[in-house]
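**Q** What follows is a protein structure lacking sequence information:
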């Protein structure tokens, strides 16, 4: 009976399969035909002058309006004080802990009383700081953390970067707690009040996609130039990830813990601070890590508006083309970032016995004694407070010499490679993007958004890109978009083989992890140093820097996507007689493809963030506008150009996310919100 049913069902199944193939072919032909018609119409539309070049009479000088508006705002008064006076008062409050720490670690204190000669108390000398850091890291973090901290301190001392490192440490010691505290409070507010979350989410999106140079222009207007302005920029730029992660972590608190807190009579405030926040501290570490890394990635940019420390050393080296010194300072920033991240992780995750144990007070007393003894020695013997200059070496000079030798030896080959890439890749791509008329481009991108995400996404893309054209930013926006897309595609082409090898081989994956961790912890400015040495400034230098920056995340995402394909799928493929290549191409790759797309999308967003950095080496798009606005102190132009970059980034981000969701099962779809 079963055989008869199978024989009867077999012809029906073959007929239905044949009909399904015909339907799919017909659908494909219709899609291809409609695409050809739409493309032809867009090409015809692109021939019209007004549709190709946005008419000047239609443009709106939004930058001028914003500049004048900010001028009016800064002239307003609240009671007897103006807005600028209030902002400068806030700056003085923020500068107080920075001045205290700077006096303790770097500058010392000077007191004068009743007209007498000023008395100077020296700063804590290098040997006391070194001993205290080593003892504290050994006490709370163990030998591994102590070894890492020791390596950092030795590097700072022997490379002559001790004072600059202390100034950077002072800044981040103030910025990180403020950023984490404000982010934690805003995250709790968004968790407890959905209306507040609805208001804060678009603000976070804008803050995380708006280039930091746009922040700097506004900060200069309200806070002036100097270290405090850099501190404000660090806090503003690094705070949103902490707020997002806090809301996410509180929502993932197990219901049983919340019910236990309610049963024991906790008030909502007690339940939040005494139960949910401690229970979520492992997740909150992600936000803390993001704050630390974003803070250190911004210290170099903040040096543009008067920030001090290692960031100023890197910027000074880039401007004077002393690239070896800039590289040494960049490595110092990376080491400090890693050490502080590990120390904060240990501090947050410490056990109760480490908090209330008996060893805490003796350790604190020992550290205080060492600090006081060091100050006394420095007061009595000022020369002892200085690290012996004879022990310092200058790796920057050696690196500069080696870079010059390498450049002279391979100058012709490097020039040939650069000129070939410009002629065969960059120039044709730039001309292609420049040839796209504003109207045809907007309609084409809206059509893609409509196909993958529906009407709402298409309308959003039209509005965002239409505003870019309306504000007269379209030509420079296309330069920025061309540089990001060409660089990202190149990084993808180079990263796919690396990711595939690492995804299928554990040893290769371990090597890739070390490679990616190294590249992703380096400050973005460090990528400019070898690029400028080898290829000089210009579009090609910017292209290479973005490719290097995007290579690590794209290869890591692809490897992780392949590794997350369940073993049961591979087993089924092997049971059906698939060869390793068939298993990869027909099982592993299709299942990992949606997550690969998401990784590519993240790489594109990181490349948009890198635009601001490559503005220093000759990039000529909207990023150049934001940089020049700082020098001209034109906050409106800088802010509008930054919003133009944000509009491009958000349009690409939402479109790619919609495409990923279209290819992904419903329960695994990607939310538009970033954790």
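**A** In hand now; what should we look at? Everything numeric in this text was worked out from a predicted model, so none of it was measured.

**Q** hmm, who's touching the host helix or strand of residue 515?
**A** Following DSSP states H and E, one finds residue 515 within helix 506-521. For helix 506-521, the external contacting residues (Cβ atoms under 8 Å, 6 or more residues apart in numbering) are 293, 334, 337-338, 498-499, 501-503, 548-549, 551-553, 555-556, 559, 563. C-betas here are computed from N, CA, C, even on glycine.

**Q** Of those residues, which belong to helices?
**A** 293, 334, 337-338, 498-499, 501-503, 548-549, 551-553, 555-556, 559, 563 (DSSP state H).

**Q** If any of those residues are buried, put those into a ChimeraX selection.
**A** In ChimeraX, a selection of the buried entries from the ones in helices among the contacts of helix 506-521 looks like this (16 or more other Cβ atoms under 10 Å):
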select :293,334,337,338,498,499,501,502,503,548,549,551,552,553,555,556,559
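
**Q** which stretches of the stretch 551-675 of the chain have low pLDDT?
**A** Along the stretch 551-675 of the chain, segments meeting pLDDT under 70 span 566-567, 598, 663-675.

**Q** ok, now the chain?
**A** If you take pLDDT under 70 as the line, the chain has these spans: 1-48, 112-117, 208-209, 321, 349-361, 517-518, 520-523, 566-567, 598, 663-675.

**Q** how does it divide into domains?
**A** 31-60+410-668, 79-106+120-403 (automatic domain parsing).

**Q** Start and end of the longest one, how far apart?
**A** Spelled out, it's domain 79-106+120-403. End-to-end distance for domain 79-106+120-403: 59 Å, by Cα to Cα, to the nearest Å.

**Q** State the distance from the spatially closest residue to residue 276 that is not a sequence neighbour to residue 247.
**A** Leaving out its chain neighbours, the residue that sits closest to residue 276 by Cβ to Cβ, 6 or more residues apart in numbering is residue 253, at 4.8 Å. Computed as Cβ to Cβ, to the nearest Å, the residue 253 to residue 247 distance reads 11 Å.

**Q** same check, this time on residue 96
**A** In terms of Cβ to Cβ, residue 96 sits 30 Å off from residue 247.

**Q** go on, residue 455?
**A** 29 Å.

**Q** So which of residue 253 and residue 247 has more stuff around it?
**A** Ranked by neighbour count (other Cβ atoms under 10 Å), residue 253 and residue 247 place residue 247 first, with 26 against 19.

**Q** Contacts only, for that one.
**A** Residues counted as contacts of residue 247 (Cβ under 8 Å, 6+ apart) are 187, 188, 190, 191, 197.

**Q** If we use 10 Å, what do you get?
**A** By Cβ atoms under 10 Å, 6 or more residues apart in numbering, the contact set of residue 247 is 183, 186-192, 196-197, 200-201, 204, 287, 673, 675.

**Q** ditto for residue 544
**A** Neighbour list for residue 544: 418, 421, 487, 490, 527-528, 530-532, 534-535, 614, 617 [criterion: Cβ under 10 Å, 6+ apart].

**Q** From residue 174, how far off is it?
**A** When residue 544 is compared with residue 174 (using Cβ to Cβ), they lie 35 Å apart.

**Q** before we move on, what about residue 102?
**A** Taking Cβ to Cβ, one finds residue 102 at 10 Å from residue 174.

**Q** hey, where'd the helices end up in the stretch 351-500 of the chain?
**A** 352-356, 360-380, 395-409, 411-421, 427-435, 438-453, 455-470, 474-504 (DSSP state H, counting those that start in this stretch).

**Q** and of those, who's closest to residue 75?
**A** Closest to residue 75 of the helices of the stretch 351-500 of the chain, according to Cβ to Cβ: helix 455-470, at 27.7 Å.

**Q** Just want the angle from the closest one to helix 438-453.
**A** Helix 455-470 runs at 160 degrees relative to helix 438-453, counting by axes from the mean of the first three to the mean of the last three Cα atoms, to 10 degrees.

**Q** May I see the buried residues of helix 455-470?
**A** Those would be 457, 458, 460, 461, 462, 464, 465, 466, 467, 468, 469, for helix 455-470 by 16+ other Cβ under 10 Å.

**Q** ok, and the closest non-adjacent residue to residue 300?
**A** Using Cβ to Cβ, 6+ apart and skipping the chain neighbours, the partner closest in space to residue 300 is residue 311 (4.1 Å).

**Q** chain center to the helix or strand residue 228 falls within, what's the gap?
**A** Element membership for residue 228, per DSSP H and E: helix 227-251. Put simply, helix 227-251 sits 12 Å off its chain's centre (Cα atoms, centre = their mean, to the nearest Å).

**Q** immediately after that helix, which helix or strand?
**A** Downstream of helix 227-251 (by DSSP H and E), the next one is helix 255-263.

**Q** got the contact list for the helix or strand following that following helix?
**A** Next along the chain after helix 255-263, taking DSSP H and E as the criterion, comes helix 268-270. Helix 268-270 is contacted from outside by 188, 192, 261, 262, 264, 276, using Cβ under 10 Å, 6+ apart.

**Q** Could you verify my assumption that the fourth one touches residue 276?
**A** In this case it means residue 262. No. Applying Cβ atoms under 10 Å, one finds residue 262 not in contact with residue 276, separated by 11.6 Å.

**Q** And these two? Which one has more around it.
**A** More neighbours surround residue 276 than the other of residue 262 and residue 276, with 22 against 13 (other Cβ under 10 Å).

**Q** Which neighbours do residue 253 and residue 247 have in common?
**A** The contact sets of residue 253 and residue 247 overlap at residue 191 (Cβ under 10 Å, 6+ apart).

**Q** burial measure for residue 411, as a count.
**A** 11.

**Q** elements contacting the strand or helix carrying residue 282?
**A** For residue 282, the enclosing helix or strand under DSSP H and E is helix 281-302. Secondary-structure packing of helix 281-302 (3 or more Cβ pairs under 10 Å, 6 or more residues apart in numbering; DSSP states H and E): helix 162-192, helix 212-223, helix 227-251, helix 310-320, helix 323-348, helix 506-521, helix 589-614.

**Q** Can you check what angle separates the first one from helix 323-348?
**A** When you say that, I think you mean helix 162-192. Using the same axes, to 10 degrees: helix 162-192 against helix 323-348 is 50 degrees.

**Q** For helix 162-192, buried residues please.
**A** 162-172, 174-176, 178-180, 182-184, 186-191.

**Q** same deal with the shortest one?
**A** Buried residues in helix 310-320, counting neighbours by 16+ other Cβ under 10 Å, are found at 310, 311, 312, 313, 314, 315, 317, 318.

**Q** same check, this time on stretch 561-570
**A** Buried-residue list, stretch 561-570, by 16+ other Cβ under 10 Å: 561, 562, 565, 570.

**Q** did I read that right, the third one in a strand?
**A** In this case it means residue 565. No. Judged by DSSP: H, G, I helix; E, B strand; the rest coil, residue 565 forms no part of a strand; its state is coil.

**Q** pretty sure it contacts residue 588?
**A** Yes. Between residue 565 and residue 588 there is a contact at 5.0 Å, judged by Cβ under 10 Å.

**Q** list residues touching both of these two?
**A** residue 503.

**Q** For burial, what's the neighbour tally of residue 124?
**A** Residues within reach of residue 124, counting by other Cβ under 10 Å, total 21.

**Q** How about the secondary structure of it?
**A** Judged by three-state DSSP, the three-state class of residue 124 is coil.
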